[in-house]
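> Sequence below, structure please.
(one chain, ligands or ions: 1)
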Amino acid sequence: MSYQSIGFIGVGAMGKEMVVNLAEKLPRHIPIYINDVNKSATRELAASYSNSIIACDTAHEVAANSDVVLTMLPEGRHVRSVYLDSHGSISSASLCGKILIECSTIDTATNHEVRSTLQQLEPTASFYDAPVSGGVLGARKATLGIFLGCDEKDPNFETLKAVLSMLGNNVIACGGPSLGLVAKLANNYLSGTIAIATSEAMNMGMLGGMNAHVLAQVIHAGSGRNHIADNFNPVPGICPEAPSSHGYEGGFKVELMKKDIGLAASMAERVGARLVLGKSCLETYQNASQDPRCQGLDSRVVYRYLGGQEDWE
Ligand code: NAD
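Alright, predicted model coming up:
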């Protein structure tokens with residue numbers, strides 16, 4: 001499919017950066033229609049790219065004007081409302097032949113509900129889950145991992161890949177509808193548990209007398225080696241660019257991690273996968289997101305939640 005226009009709904013922390021990449025990379029003749037309940041966010045983007053970005057009042061207006069529509073919203077209830085509400089939603093527009101790409105991290109049940117409702121309303125429209133990984137920095141640098149809910153034989157795969165490659169450098173076809181979300185939730189469960197385990201290991205080693213730098217070197221050289229310990233170490237001062245070294249500002253918020261672990265635990269229950277770490281992992285992020293010392297900060301603030309020493313240097 002060759003598309004002549006693109007739409008984007010939800011221009012928050014991630015969506016804004018993704019829209020900027022589209023505006024920088026799309027040919028000039030392809031307009032970008034955007035919408036967000038936060039009108040100042042859409043106005044600001046439209047003012048910065050007045051030749052290509054058009055702010056719309058409703059999701060309906062975006063969908064009516066665009067051949068391909070992307071959505072990047074907080075939770076399942078927002079996605080359901082933007083796609084299915086009776087007034088001003090995507091489904092209230094004519095969707096004949098359109099491609100709809102849902103990038104939010106939400107539950108698979110809502111994703112399925114939206115897909116099947118759209119299929120009944122307009123069988124020629126195609127709806128895909130395409131959650132992303134890599135955070136705001138990955139969104140800005142267009143280095144996101146994007147987990148696409150289809151297989152490579154899907155008739156729209158080349159178009160999807162062309163659009164998503166402007167936003168990320170690792171677009172993976174996960175095999176079928178909703179499997180992008182299944183993959184994303186499994187990945188975030190792993191990353192969330194590793195962050196807690198890394199915090200616990202660093203804390204016990206430091207309390208046992210180890211210098212934190214040396215302990216991080218040991219983990220890097222040993223069988224505990226992992227991406228969090230190497231690049232996002234929860235202990236301040238180990239990775240100079242990591243949020244932990246900047247008061248845990250920026251990064252992936254503890255509230256988002258709580259949401260994703262909750263979604264992963266529900267998925268595990270639904271599919272009958274036994275989790276031994278799930279309950280304590282979820283409780284840890286739930287408690288940390290209610291702890292005033294941790295609220296609104298990068299999820300690796302679990303080290304602080306555990307009582308880890310921050311001024312060790
Ligand atoms: P955000 O809250 O910063 O942005 C969401 C945007 O959606 C906001 O601007 C909000 O105003 C808008 N919105 C809400 N309801 C709307 C509606 N009905 N109509 C139009 N706009 C509406 O969230 P974010 O950090 O950009 O995350 C978006 C999604 O991406 C979440 O599902 C999150 O889990 C996932 N994600 C986030 C990160 C990250 O590091 N922030 C990384 C990977 C995935």
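> contacts and neighbour counts: CA atoms only from here.
Will do.
> Residues of the stretch 51-200 of the chain that sit close to the ligand?
Counting by CA under 6 Å from any ligand atom, the stretch 51-200 of the chain comes close to the ligand at 72-75, 78, 81-82, 104-106, 132-136.
> repeat that with 8 Å
Residues of the stretch 51-200 of the chain found near the ligand (CA under 8 Å from any ligand atom) are 58-59, 72-75, 78-79, 81-82, 103-106, 131-137.
> Just the helices from this protein, written as ranges.
Under the criterion DSSP state H, the chain contains helices at 13-25, 39-48, 59-65, 76-84, 108-121, 135-141, 157-164, 179-207, 212-221, 227-231, 254-271, 278-290, 302-305.
> Give me the mean pLDDT for the fourth one.
Averaged over helix 76-84, pLDDT sits at 98.
> The fifth one too?
Along helix 108-121, the predicted confidence averages to a pLDDT of 97.
> List the buried residues of it.
108, 110-112, 114-115, 118 (16 or more other CA atoms under 10 Å).
> Same check on the longest one?
In terms of neighbour count (16+ other CA under 10 Å), helix 179-207 has its buried residues at 179-186, 188-189, 191-203, 206.
> quick one, that helix and helix 278-290 angle?
80 degrees (axes from the mean of the first three to the mean of the last three CA atoms, to 10 degrees).
> counting contacts, what elements does helix 179-207 pack onto?
The helices and strands touching helix 179-207, judged by 3 or more CA pairs under 8 Å, 6 or more residues apart in numbering; DSSP states H and E, are strand 126-129, strand 144-148, helix 212-221, helix 227-231, helix 254-271, helix 278-290, helix 302-305.
> could you check the angle helix 212-221 makes with that helix?
Going by the same axes, to 10 degrees, helix 179-207 makes 130 degrees with helix 212-221.
> How is this structure partitioned into domains?
When the chain is parsed with automatic domain parsing, its domains come out as 6-176, 182-305.
> Any regions of this protein where pLDDT drops low?
Applying pLDDT under 70 to the chain flags residues 1.
> Geometric centre of it: which residue is closest?
The structure's the chain has its C-alpha centroid closest to residue 132; by CA atoms, centre = their mean the separation is 4.5 Å.
> Could you give the separation of stretch 44-60 from the chain centroid?
Relative to its chain's centre, stretch 44-60 lies at 22 Å (CA atoms, centre = their mean, to the nearest Å).
> got a list of contacts for that stretch?
Contact with stretch 44-60 is made by 9, 16, 20, 23, 28-36, 42-43, 62, 82-83, 88-93, as judged by CA atoms under 8 Å, 6 or more residues apart in numbering.
> Most distant residue from the centre of the chain?
The chain, farthest from centre, CA atoms, centre = their mean: residue 209 at 37.8 Å.
> Next, the distance between the ends of stretch 220-231.
Stretch 220-231 has an end-to-end distance of 10 Å (criterion: CA to CA, to the nearest Å).
> Can it be said to contact the ligand?
No: residues of stretch 220-231 contacting the ligand under CA under 8 Å from any ligand atom: none, with a closest distance of 14.8 Å.
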